[in-house]
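K.L.:
give me a model of this one.
(one chain, ligands or ions: 2)
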Amino acid sequence: MSDLAKRVLIAKTHGQLNHELPIMFYAPWEADKRELWSAWLADTKVPKALRKNLGLYIHVPYCTQVCSFCYLEKRLLDGTVPSFMDVLIDEIDHMAPLFNDTPFRTVYLGGGTPGALTVAQLDRLFTRLQDAFNVRSLAEFSLETDLPSLTEDKLRCYQAHGLTRLSVGLQNLDPSVLAQNNRLHQYDIEGKMALLEKYRFRDLNLDVIMGIPGSHLENLERTITGALSIKPTRISLYTFNPYDGYDFDYSDEAAVSELVENRRAQQALAKRLIHAAEDSGQLGEQDNLQLDDTMRLHSPLLGLGPSANNRMPFHGYYKNVDSVAYLEDSRRITGWKSNGPDEELEFHVYNSLIRSIPIDLRQSRALLNRLPSEIHAAVVDRLGDHLRFEDGRLVRNLQNDVQMHLALLRGLNVTRNNLHMIDFPESLEGLDEDRLLDVLIGY
Ligand SMILES: C[S@@+](CC[C@H](N)C(=O)[O-])C[C@H]1O[C@@H](n2cnc3c(N)ncnc32)[C@H](O)[C@@H]1O
Ligand code: SF4
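P.N.:
Residues are numbered from 1 along each chain as shown. Ligands and ions are numbered 1, 2, ... in the order given. A predicted model of the protein is given here:
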């Protein structure tokens, strides 16, 4: 199996966000963000259709308190926020003229916790965005917040600026679990939930995390039931992955098996509850359009703020500097220059295989101006038996699926100690654990 495939799986096992995966493919490259975007916008080889899916992602790294389980690019809300706001506004002013009046399809403010900014700071940011960019006909305008940061003032501000989607981190509604993970917990949980019922958005997503210290089946069930009671459109489930640097002793076999068992049991319960809610029509489909676009449609994404991803299809994938460096120089960007659409398409194919997302090659044909047969030839060359094509649609060849994943896992030096790090693809989930260990150990 190729290095490419191994890297995808390694990234996945370390719990990185899936939309960060593409940056792993390319040779590091440092450049000026404005120059890169201006070259991309001027390149006539980039199909016009691609530009229709232009997204804007803004990363706000600040949080009122830093949760011990969190692997994201975040920092404590401190005295640097006013300078950050100035740098971010300056970045908007620096980049926006390049886009002229090009309409954006989605705007997503993620973090960190953008909802932890003050209402005045949020209002200033939204106003500047709406003046600088063409965000007049967005398909989705989304913001991430934690529950304690919600206030009536902020909710009114979100509605006044036309937000269509709120994504709210509940994680676990038991205050003692939150306290154990250094997450804010001394606040009126019921009062904040009632605010979410009062101020409705087209889409309301609630994040729940499974497997963090102190969480168990009972408090997870109460969390999901509590979440469902305020009628969200979606509940997103996360499974805790101890990241590099997290205080966890991997050589402690008892601790490892407890974590693994706890996570498995919680995943099973959560899936059952969520599926029941989906079946009864209480929950809708995935509602994060920006994520869907960037995963499926080779879509461009302008990233502002520290560590934000920038995706320029046909040119490459880039990441802004981290939140410390950003305050000094927001114009530098490090990234991965792509060798062109073939390589990018391969990524999408891999990614769809691993995450069970089908790719519609007819869409690729329209977007990339290449025949399905050409695309077919390129990807089959690399992936061979693991693919099947039906009416121009690429689907996984389920017969080979388990074999493929096992082949991938063999290359990862999996041992009893790090087995729990692997987020098994669904196709492996039914596999008898002893057989899995037999296959994995001993390489
Ligand atoms: C930016 S946060 C959500 C918004 C807000 N900061 C909050 O915490 O409520 C994105 C999500 O990543 C998930 N997450 C954080 N650390 C994680 C970890 N180590 N493993 C798995 N998921 C994690 C959490 O469930 C969190 O809701
Ligand atoms: S509030 Fe959200 S982003 Fe901040 S540390 Fe906690 S989980 Fe991470």
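
K.L.:
where does pLDDT dip in the stretch 1-150 of the chain?
P.N.:
Across the stretch 1-150 of the chain, the ranges flagged by pLDDT under 70 are 1-29.

K.L.:
let's see 80
P.N.:
Along the stretch 1-150 of the chain, the parts satisfying pLDDT under 80 run over 1-30, 47, 49.

K.L.:
ligand 1 contacts on that one?
P.N.:
Selection of the stretch 1-150 of the chain residues close to ligand 1 by C-beta under 6 Å from any ligand atom yields 15, 63, 69-72, 110-111, 113, 144, 146. For every residue, glycine as well, the C-beta is placed using N, CA and C.

K.L.:
may I see those organised as TSV, with secondary structure and neighbour count added?
P.N.:
Listed next are those as TSV, based on DSSP: H, G, I helix; E, B strand; the rest coil; neighbours: other C-beta atoms under 10 Å:
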residue	secondary structure	neighbour count
Gly15	coil	16
Cys63	strand	24
Phe69	coil	20
Cys70	coil	20
Tyr71	coil	16
Leu72	coil	17
Gly110	strand	22
Gly111	strand	25
Thr113	coil	24
Glu144	strand	23
Asp146	strand	24
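
K.L.:
ok, which of these also contact ligand 2?
P.N.:
By C-beta under 6 Å from any ligand atom, the members of these lying near ligand 2 are 63, 70, 72, 111, 113, 146.

K.L.:
who does the last one bridge with?
P.N.:
Partner residues in beta bridges with Asp146, using DSSP bridges, are Gly169.

K.L.:
most proximal residue of this protein with respect to ligand 1?
P.N.:
Gly169 (1.8 Å; C-beta to the nearest ligand atom).

K.L.:
count the residues that sit near that residue.
P.N.:
24 (other C-beta atoms under 10 Å).

K.L.:
how about it, what does it touch?
P.N.:
113, 144-147, 206-207 (C-beta atoms under 8 Å, 6 or more residues apart in numbering).

K.L.:
what's the distance between it and Gln65?
P.N.:
Noted for Gly169: a distance of 12 Å to Gln65, by C-beta to C-beta, to the nearest Å.

K.L.:
do the same with Pro97
P.N.:
38 Å.

K.L.:
more neighbours: which of these two?
P.N.:
Taking other C-beta under 10 Å, Pro97 and Gln65 do not tie; Gln65 has more neighbours (17 against 10).

K.L.:
what pLDDT is listed against Arg331?
P.N.:
Note for Arg331: predicted pLDDT of 84.

K.L.:
contacts only, for it.
P.N.:
By C-beta under 8 Å, 6+ apart, Arg331 lies in contact with 32-34, 91, 94.

K.L.:
so where's the longest helix in this structure?
P.N.:
Longest helix of the chain, by residue count under DSSP state H: helix 253-279.

K.L.:
buried sites along that helix?
P.N.:
For helix 253-279, the neighbour count (16 or more other C-beta atoms under 10 Å) marks 256, 259, 262-264, 266-267, 269-270, 273-274, 277 as buried.

K.L.:
helices or strands up against that helix?
P.N.:
Where contact means 3 or more C-beta pairs under 8 Å, 6 or more residues apart in numbering; DSSP states H and E, helix 253-279 is packed against strand 203-210, helix 217-229, strand 234-239.

K.L.:
ok, the very next helix or strand once past it near ligand 1 or not?
P.N.:
Using DSSP states H and E, the helix or strand that follows helix 253-279 in sequence is helix 289-296. No: Helix 289-296 lies out of reach of ligand 1 by C-beta under 6 Å from any ligand atom, never closer than 11.9 Å.

K.L.:
make 819 the starting number, not 1.
P.N.:
In the new count, where the first residue is 819, that last one comes out as helix 1107-1114.

K.L.:
ok so, going back, can you tell me if the longest helix of the chain touches ligand 1.
P.N.:
No: contact of helix 1071-1097 with ligand 1 (C-beta under 6 Å from any ligand atom) is absent, the minimum separation being 10.3 Å.

K.L.:
Asp941 is in contact with Cys975, correct?
P.N.:
Yes: Cys975 lies in contact with Asp941 (C-beta atoms under 8 Å); the separation is 5.5 Å.

K.L.:
and the closest residue to Met1028 other than its chain neighbours, what does it touch?
P.N.:
Distances taken as C-beta to C-beta, 6 or more residues apart in numbering place Gln1084 nearest to Met1028, at 3.8 Å, with adjacent residues excluded. Contact analysis of Gln1084 by C-beta under 8 Å, 6+ apart lists 1028-1029, 1033-1035, 1038, 1057.

K.L.:
over to Thr898?
P.N.:
Applying C-beta under 8 Å, 6+ apart, the residues near Thr898 are Leu1145.

K.L.:
quick check: it vs Glu1146, distance?
P.N.:
Separation of Thr898 from Glu1146 (C-beta to C-beta): 11 Å.

K.L.:
what does Asp1025 give?
P.N.:
Asp1025 is 32 Å from Glu1146, by C-beta to C-beta.

K.L.:
between the two, tell me which one has more neighbours.
P.N.:
Remark: of Asp1025 and Glu1146, Asp1025 carries more neighbours, 18 against 10, as counted by other C-beta under 10 Å.

K.L.:
right, and that one touches Leu984 too?
P.N.:
No: Asp1025 lies out of contact with Leu984 (C-beta under 8 Å); the separation is 11.1 Å.

K.L.:
Ser1033 is in contact with Gln1085, correct?
P.N.:
No: counting by C-beta under 8 Å, Gln1085 sits too far from Ser1033 to count as a contact (11.7 Å).
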